[in-house]
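**Q** coords below, sequence missing:
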Ligand SMILES: Cc1cc2nc3c(=O)[nH]c(=O)nc-3n(C[C@H](O)[C@H](O)[C@H](O)COP(=O)(O)O)c2cc1C
């Protein structure tokens, strides 16, 4: 019986353990988590979601405070079009976060950054261009373009000296999205270095409909993409993501011809993961019924999360002066509309209102109050021990990584007991 370690992910003449830890914003996939993946010979992701806030927390910078101060006069105004990001400051935050991570990297693996393109930041093209180029400046090994794939993103960094050297990948959920991306980028004469195929059981935002996600199957989509690559004579590694819970699940994709797997949920209960410890316990305790897919993300994409997530129904004032990562090109966010509707219905006051259909994702992700998770979160309790006080023992990233790498027979190795 094969195990993941019998396979290698190849980029040119370099080989890696075919395990990628997926990007989890906001700073859930921390530098520490990504460093472990690289040390163990795989690929780790950090995320650049809300990078100014991440920089403030990591380096005591004051990006968020300064932006709030600058736009304080606008806090009660629901027209947010004037609330712009300063591109120089954005680049600085990105370079700090990524530069620090890359400086600390050790071992044979790689570190990539996950760039969610749905973070339109009241200036989609300019802010994305800034993020991508600053990431390359700071020496990132690779960039994964995700959520809201912008077909013109490669062009935004085409003039950067590292454009053909860094690994650039995309996340797609269908062969059609891949085809469109390749067609739109033909002129650049630069293929993606890898394609992550994310199925319907993943955490975070989903590339499927709110109702129809259940009808899709990752094995089938991966097969379609492998067939397409073969038919087009394309030699691009395909990485399967979403619901790969055991080493044997991973092997089932590697045996089909996938070059690797991207995994995330099992790492949410590791010590290196950025979620607060009490939230990690919520993930451990979750039952199958607790994991839901809903439409509260203002991005318009369905999102999977725990039913008890505090972000559901919270009627807080939009925090765009401080954050504003989801403001579209015209300075609007779907949460603002929902919030306004409830304020009007409440006679003009936001006291005690509940906003059920959308959430202020920036503020809640920033405060770890939106508990997004993969479908199999309810199996996390089988990956550790329950302590006498009812809490679960946290894992190490190394333990989970090696379990994926070496386990067979769908088994899950338990950690060494710490109590
Ligand atoms: C807590 C959490 C946060 C996530 N955040 C992001 C994100 O910011 N960007 C993204 O592209 N994918 C995100 N994902 C998706 C993962 O990177 C990954 O592709 C997917 O969850 C893999 O499936 P698994 O969780 O079943 O292992 C997130 C997943 C989780 C569990």
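**A** That came in fine, so what should we check first? These numbers were taken from a predicted model, which means no experiment stands behind them.
**Q** Please read off the pLDDT at whichever residue of the stretch 151-300 of the chain sits closest to the ligand from the model.
**A** Taking Cβ to the nearest ligand atom, the ligand has its nearest neighbour within the stretch 151-300 of the chain at residue 203, 2.5 Å off. All C-beta atoms are positioned from the backbone trio N, CA, C, and that covers glycine. We have a pLDDT of 98 for residue 203.
**Q** just the one 3 residues further on next, same as before
**A** pLDDT recorded at residue 206 is 97.
**Q** quick one: contacts for the nearest residue to it once chain neighbours are set aside?
**A** Nearest residue to residue 206, sequence neighbours excluded (Cβ to Cβ, 6 or more residues apart in numbering): residue 302, at 4.7 Å. By Cβ atoms under 8 Å, 6 or more residues apart in numbering, the contact list for residue 302 reads 205, 206, 208, 209, 210, 213, 293, 294, 295.
**Q** Neighbour-wise, which one of the residues you listed leads?
**A** residue 206 (24 neighbours; other Cβ atoms under 10 Å).
**Q** isn't residue 309 right up against residue 370?
**A** Yes: counting by Cβ atoms under 8 Å, residue 309 does reach residue 370; the two are 5.7 Å apart.
**Q** quick revisit: against residue 274, how distant is the residue nearest to residue 206?
**A** According to Cβ to Cβ, to the nearest Å, residue 302 and residue 274 sit 23 Å apart.
**Q** Would you pull up how far the longest helix along the chain lies from the middle of the chain?
**A** Longest among the helix segments of the chain by residue count, using DSSP state H, is helix 87-104. Remark: helix 87-104 is offset 18 Å from the chain centroid, using Cα atoms, centre = their mean, to the nearest Å.
**Q** Show me what it is packed against.
**A** helix 31-39, strand 43-47, helix 51-59, helix 63-70, strand 110-116, helix 124-137 (3 or more Cβ pairs under 8 Å, 6 or more residues apart in numbering; DSSP states H and E).
**Q** so where's this structure shaky on pLDDT?
**A** Applying pLDDT under 70 to the chain flags residues 149.
**Q** Around the ligand, pick out the residues from it.
**A** Residues of the chain lying close to the ligand by Cβ under 6 Å from any ligand atom are 22-25, 28, 47, 49, 114, 116, 146-147, 171, 198, 201-204, 241-244, 262-265, 268, 372-374, 376.
**Q** Now do the helices in the stretch 301-419 of the chain.
**A** Secondary structure of the stretch 301-419 of the chain (DSSP state H, counting those that start in this stretch): helices at 334-345, 361-366, 397-406.
**Q** Is the nearest residue to residue 257 once chain neighbours are set aside in a helix, a strand, or coil?
**A** Ranked by Cβ to Cβ, 6+ apart and with sequence neighbours excluded, the top spatial neighbour of residue 257 is residue 226, at 5.0 Å. Here residue 226 is recorded as helix under DSSP: H, G, I helix; E, B strand; the rest coil.
**Q** wait, what's in contact with residue 322?
**A** 64, 67, 68, 363.
**Q** now it: how far from residue 385?
**A** 40 Å.
**Q** cool, and residue 301?
**A** Residue 301 is 36 Å from residue 385, by Cβ to Cβ.
**Q** quick one: residue 64 and residue 321 touch, right?
**A** No: Residue 64 lies out of contact with residue 321 (Cβ under 8 Å); the separation is 9.6 Å.
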